[in-house]
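# What follows is a predicted structure for the sequence shown.
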Number of protein chains: 2
Amino acid sequence: MSNNKPIILLGGTGYIGSAIAQQLVATNINYHTVSRSDIDYTIRDPLIKFIKEIRPAFLINAAGYTGKPNVDVCEINKTECLQGNATLPGVIRAACEATGISWGHVSSGCIYTGSPNETGFKETDPPNFCFRTNNCSFYSGTKALGEELLAGAENVYVWRLRIPFNHIDSPRNYLSKLMRYESLLEATNSISHLNEFARVCVESWQKRIPFGTYNVTNTGAITTRRVSELINDKLGLDKEFCFFADEVSFMKTAAKTPRSNCVMDNSKLRGTGIAISQVEDALAKSLADWQWEHSPASV
Amino acid sequence: MSNNKPIILLGGTGYIGSAIAQQLVATNINYHTVSRSDIDYTIRDPLIKFIKEIRPAFLINAAGYTGKPNVDVCEINKTECLQGNATLPGVIRAACEATGISWGHVSSGCIYTGSPNETGFKETDPPNFCFRTNNCSFYSGTKALGEELLAGAENVYVWRLRIPFNHIDSPRNYLSKLMRYESLLEATNSISHLNEFARVCVESWQKRIPFGTYNVTNTGAITTRRVSELINDKLGLDKEFCFFADEVSFMKTAAKTPRSNCVMDNSKLRGTGIAISQVEDALAKSLADWQWEHSPASV
């Protein structure tokens, strides 16, 4: 980019934010990341002050509350979840509008459940796994509410991520999770290669694609069972993956709150000319380049 | 009270908070109120620090976001509305639990619509005018979400107010509104005499009634038409009140977002021994003691 102004990256040390930071470094884009202990960017006025100091060309919000180790924790820490996923994007919107800065927000495809047709949910489909449909986890409710707070904003990208994975073993990596969970839930999902997602975020701005919401998932969808087969094939493992009999049994024994499983249509994104790979190709490549965190014995 | 520790009152300068402050003064209870510019009590850590400094016997949250001049404004200022009505009670809960302080929260009966039976909605009825039922104003959605964030809390009163009024002409007073609106919507509502509401809040704590949620409305319900008759009768006016043909016409010409009209059952509150008057008595007394802000000519 010829633009010498930096980017502000919020949440730059998280799982998603780190990948975006890495992409910014790889493309020689100067960026500032900031921790909440230095500047409380969850409050409008300090955030506006920070934006005015940095005078960025663009801002990326990769901060949010996901719950560790999983989304069940959001049922307990509801206030943090609401603040991180709904109030925060609203505050950032206000700060960016006050300073005339365009920006992008990492949202989630977990505001949908199911598969409405062959190609999946489009950006024009209203969320069907949210407070408004009263069938969701608290996490999904807050992510959808966060998108509601951005409705009508004219200078924002909303990038919807779904179940991130890549080649690096990590507690947040979908592939690592599948390898270590005792039992799996068979479902069909669209999923997002983390580094492709990060590249899409940065390219959205670099290529100046139209502002708006984009489903940033790899093309297509895949079943849990197929992913488990790929793991065994590509990593040369012989792991026996156990599956819950059905969602009822999963909810009874392993989960406190329902999970979103859904198929998403990424054709709006592809229509911009930004590349994104087929889901099975992205998985195969991640597994071909796989880097264990500890050792295969922990699986 | 023999207890010499003070009370913390948040939002003590607002319409509801001022009435509570007045009640605390009238009953010789020492209290601290604080403005957000001095201490940002919407953030947990500064609030905890403040609580530890004051070491209060009790805390009352009368802060919230209602929208001025009316609830339609909440459809525009969604972030402030969400922060003030949902996140804030969650933050106060966290701070009060961390410091072992019991407290009370001013909530709203506007999370209901309609009249389920002769006596109205009980505290055990789930909200039916909220995000979860997807028929509400953004304001009502955030008030109901605020109550969700308090679910399971063991040391909190949730006092539900509905359409406040008293004898002092004011832009927030239901009676003043009815006198100045061009057209009225005929509906049946339970409503809250502001100073009785404030007394109930303080007495809840003084009398140590069980923690939990209370519908703090005057006993019974009343139609808009009947209130308009009382206004003319008691104030000796001869005003011709105009009414919308129906709710559809109201929504088409005067409102951006649906209003809650509902009947509430206050028997749980009355069961504690705390007095609250009949709705028509409370209205008659307010009108008998009526104090104009400017002059009757402005009506």
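Received the coordinates, thanks.
# what's the closest non-adjacent residue to the residue lying farthest from the centre of chain A?
Distance from the C-alpha centroid of chain A peaks at A:Asp238, with 30.1 Å (CA atoms, centre = their mean). Nearest residue to A:Asp238, sequence neighbours excluded (CB to CB, 6 or more residues apart in numbering or on different chains): A:Asn232, at 6.5 Å. No exception for glycine: its C-beta is placed from N, CA and C like everyone else's.
# how far away is that neighbour from chain B?
Computed with CB to the nearest CB, to the nearest Å, the distance linking A:Asn232 and chain B is 42 Å.
# Figure out the helix or strand that that residue lives in.
helix A:224-235 (DSSP states H and E).
# Name the residues of that helix that come out as buried.
Buried residues in helix A:224-235, counted by 16 or more other CB atoms under 10 Å in any protein chain shown: A:Thr224, A:Val227, A:Ser228, A:Leu230, A:Ile231, A:Lys234, A:Leu235.
# Assumed the residue farthest from the centre of chain A was part of a helix.
No - according to DSSP: H, G, I helix; E, B strand; the rest coil, the state of A:Asp238 is coil, so it is not within a helix.
# okay but it is in contact with A:Glu229, surely?
No - A:Asp238 is not in contact with A:Glu229 according to CB atoms under 8 Å; the separation is 11.8 Å.
# hang on, A:Asn166 packs against A:Asn173?
Yes - with contact defined as CB under 8 Å, A:Asn166 reaches A:Asn173; the gap is 6.5 Å.
# Which one's more surrounded, the two?
The residue with more neighbours, out of A:Asn166 and A:Asn173, is A:Asn166; 25 against 21, by other CB atoms under 10 Å in any protein chain shown.
# The more buried one and chain B: what is the separation?
Per CB to the nearest CB, A:Asn166 is found 33 Å from chain B.
# residues in contact with that residue?
A:Ala19, A:Asn173, A:His193, A:Leu194, A:Asn195, A:Ser286 (CB atoms under 8 Å, 6 or more residues apart in numbering or on different chains).
# Tell me the bridge partners for the third one.
What it means is A:His193. A:Phe165 (DSSP bridges).
# give the contact list for it.
Per CB under 8 Å, 6+ apart, neighbours of A:His193: A:Pro164, A:Phe165, A:Asn166, A:Asn218, A:Ser277, A:Ala282, A:Ser286.
# Could you check the pLDDT of it?
A:His193 is assigned a predicted lDDT (pLDDT) of 98.
# Then A:Lys122?
Per-residue confidence (pLDDT) for A:Lys122: 98.
# quick one: the closest residue in space to it that isn't next to it in sequence from chain B, how far?
Nearest non-adjacent residue to A:Lys122, counting by CB to CB, 6+ apart: A:Asp265, 4.9 Å away. Going from A:Asp265 to chain B by CB to the nearest CB gives 24 Å.
# So what's the residue count around A:Asp265?
If you count neighbours by other CB under 10 Å, A:Asp265 ends up with 24.
# ditto for A:Phe138
Counted with other CB under 10 Å, A:Phe138 comes out at 25.
# which outside residues touch the worst-scoring helix or strand of chain A on mean pLDDT?
Within chain A, no helix or strand scores below helix A:247-253, which has a mean of 90 by mean pLDDT, DSSP states H and E. Helix A:247-253 is contacted from outside by A:Ser183, A:Leu185, A:Ala187, A:Phe244, A:Pro258, A:Arg259, using CB under 8 Å, 6+ apart.
# Could you list every helix and strand in contact with the helix or strand that comes right after it?
Heading C-terminal from helix A:247-253, the first helix or strand you meet, by DSSP H and E, is helix A:267-270. Packing contacts for helix A:267-270, counted by 3 or more CB pairs under 8 Å, 6 or more residues apart in numbering or on different chains; DSSP states H and E, involve strand A:212-215.
# one step back: avg pLDDT for the helix holding A:Asn232?
Mean pLDDT, helix A:224-235: 98.
# just checking, the residue nearest to A:Asp238 touches A:Lys239?
Yes - counting by CB under 8 Å, A:Asn232 does reach A:Lys239; the two are 5.9 Å apart.
# which phi and psi does the closest residue to chain B within the stretch 151-299 of chain A have?
Per CB to the nearest CB, A:Ala151 is where the stretch 151-299 of chain A lies closest to chain B, at 8.5 Å. Per-residue torsions, A:Ala151: phi -60, psi 130 (degrees, to the nearest 10).
# Tell me, how many residues neighbour it?
A:Ala151: 10 neighbours (other CB under 10 Å).
# So which residues on the stretch 1-150 of chain A come close to chain B?
Near chain B, the residues belonging to the stretch 1-150 of chain A are A:40, A:43, A:78-79, A:82-83, A:86-87, A:90-91, A:93-94, A:131-134, A:141, A:145, A:148-149 when assessed by CB under 8 Å from any CB of the partner chain.
# can you give me the strands in chain A?
Along chain A, counting by DSSP state E, strands occupy A:7-10, A:31-34, A:58-61, A:103-108, A:156-161, A:164-165, A:188-189, A:192-193, A:212-215, A:222-223.
# hey, least reliable of these by pLDDT?
strand A:31-34 (a mean of 94).
# buried stuff in it?
Residues of strand A:31-34 classed as buried under the neighbour-count rule (16+ other CB under 10 Å) are A:Tyr31, A:Thr33, A:Val34.
# what pairs with the second one across the strands?
It stands for A:Thr33. A:Leu9.
# before we move on, the earlier item: make a PyMOL selection of the buried ones in the contacts of A:His193.
The buried residues among those can be selected in PyMOL (16+ other CB under 10 Å) with this line:
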select buried, chain A and resi 164+165+166+218+282+286
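# Spatially central residue for chain A, please.
A:Leu161 (3.1 Å).
# in the sheet, who's paired with that one?
Bridge pairing for A:Leu161 - DSSP bridges - gives A:Ser108.
# who touches stretch A:32-45?
A:6-10, A:12-13, A:17, A:21, A:46-47, A:49-50, A:54, A:56, A:63, A:83-84, A:87-88, A:91-92, A:94-95, A:98, B:40, B:43.
# got the contact list for the nearest residue to A:Thr223 once chain neighbours are set aside?
Distance criterion CB to CB, 6+ apart; nearest residue to A:Thr223, sequence neighbours excluded, is A:Thr188 at 5.2 Å. By CB under 8 Å, 6+ apart, the residues touching A:Thr188 are A:Ser115, A:Ala221, A:Ile222, A:Thr223, A:Asn261, A:Val263.
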